[in-house]
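Undergrad: I would like to see how this sequence folds:
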Amino acid sequence: MASFFLWITTALLWASTGLLIRAWWIIRLTSLRSAWTWQLVAWLAWSTVWTVTLVLQATSAAVADHLWYLCAVLQLCPPIAVLGSRRPGVQVWGWFILVPLIAVLGWPAWTELVWKLPGKPLALDRPAVLGFAIVTVMGAGNFLATRFWPTVLAGLIALSLVIVPLTADMPDWPVSRLAGREMAVACLLAAAWATLAGRRRSTRSECGPLDDWNSLWEDFRSLFGFVWASRVAERVNMSAHNERWSTRLQVDGFVRAPAAEGQLTAEETRTRVDFTLRWILRRFVDVEWIDQRIKVFPPPPPDLPLDTAPVAPRK
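TA: Below you'll find the model as predicted:
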């Protein structure tokens, strides 16, 4: 029965790589291609280590500890890559942030593997676990307020089931290393399929002309997370304040602004929103990505040509 479970899980792991291929068609027009590549590397690492250590049992227990720890470290890279996904910095984020991140978090494992007895199980000290936890919170926290929160939650459980049994300060942890890895892979599969099954939540809008922009905004917030959504909304609202729009952009979508003298009409606001968001989002997505989601294309304001940035707010 155990052997049947291992082979079925192995088949599901490798077959689920197809979900990543499908995800490529969703993010191919965005700056998330680097994050996608890191997720592909991490997924292939989990699948390979699962097959080698648990199905084929081709490594010692000590080597398996190090391989599983490497899988956990690699799984931190995709969400951290998202935090550096603004163009043009996305091109160097991987080399200057993610590669050093792997080196630093992996240092305890590398030193134990090289300098200590080869047959000794990996035991992570408290600073190493604390550093891993901090990076995990940074990456996962960016997506907890999006529609992908079930995926994030399952991923957090998977990482915990791998890391906690390796911790030197928790010898009485009730879950063994082997059982933890089996449950972690089950959680990882659940995370992958939760992403596929995630459906777009309807967004209530008080601004009729901006319904399609609300839909686009929800897609952007779910793909790039709370951090980038907050920063983009801040820039949009600078222009909204300066140009007296009749709406404001919050993290969860557009809302009506309080009525004020000289405020733009809904259609005038729509024109400004279209231009400003297209200008700001060019650092994250291609024009085609926006055009696929926006059905109406109002012309740019006559006094604001397409090669001009949105004006800064008045002091």
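Undergrad: so the residue nearest in space to the middle of the chain is in which element?
TA: The C-alpha lying nearest the average C-alpha coordinate of the chain belongs to Pro79 (C-alpha atoms, centre = their mean; 3.9 Å). Following DSSP states H and E, one finds Pro79 within helix 77-83.
Undergrad: now the helix or strand following that helix - C-alpha only, CSV.
TA: Following helix 77-83 in sequence order, the next helix or strand is helix 90-93 (DSSP H and E). Presented in CSV, the C-alpha positions along helix 90-93 are these (Å, rounded to 0.1, in the frame of the first residue of the first chain):
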residue,chain,number,x,y,z
VAL,A,90,13.8,42.2,-12.8
GLN,A,91,16.7,41.4,-15.1
VAL,A,92,19.2,41.5,-12.3
TRP,A,93,17.1,40.7,-9.2
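Undergrad: and helix 90-93, which residues are buried?
TA: Neighbour counts over helix 90-93 (16 or more other C-beta atoms under 10 Å) mark 90, 93 as buried. C-betas here are computed from N, CA, C, even on glycine.
Undergrad: same check on stretch 213-229?
TA: 213-225, 228-229.
Undergrad: next step: the residues you listed restricted to helices.
TA: Judged by DSSP state H, the buried residues of stretch 213-229 include 213-225, 228-229 as members of helices.
Undergrad: of all these, which two lie farthest apart?
TA: Largest separation among these by C-beta to C-beta: Trp213 and Gly225, giving 18.8 Å.
Undergrad: pretty sure Ala140 contacts Pro78?
TA: No: in this structure, Ala140 is not within contact of Pro78 by C-beta atoms under 8 Å, at 10.8 Å.
Undergrad: those two: which has the busier surroundings?
TA: Set side by side, Ala140 and Pro78 show more neighbours around Pro78, with 22 against 19, by other C-beta atoms under 10 Å.
Undergrad: next one, pLDDT for Arg201 please.
TA: Turning to Arg201, the model gives it a pLDDT of 49.
Undergrad: oh, I was asking about Ala186
TA: Looking at Ala186, its pLDDT stands at 95.
Undergrad: other SSEs contacting the helix or strand hosting Leu20?
TA: Taking DSSP H and E as the definition, one finds Leu20 inside helix 17-27. When contacts are defined as 3 or more C-beta pairs under 8 Å, 6 or more residues apart in numbering; DSSP states H and E, helix 17-27 packs onto helix 33-49, helix 177-197.
Undergrad: which residues are contacting the shortest one?
TA: When you say that, I think you mean helix 33-49. Contacts with helix 33-49, where a contact means C-beta atoms under 8 Å, 6 or more residues apart in numbering, come from 10, 13-14, 16-17, 20, 23-24, 27, 64, 67-68, 70-71, 74-75, 77-79, 81-82, 85, 90, 93-94, 98, 185, 188.
Undergrad: from those residues, list the buried ones, please.
TA: Applying 16+ other C-beta under 10 Å to the contacts of helix 33-49, the neighbour count classes 10, 13, 16, 20, 23, 27, 64, 67-68, 70-71, 74-75, 77-79, 81-82, 85, 90, 93-94, 98, 185, 188 as buried.
Undergrad: so where is this structure shaky, pLDDT-wise?
TA: Across the chain, the ranges flagged by pLDDT under 70 are 1-2, 113-119, 197-209, 295-315.
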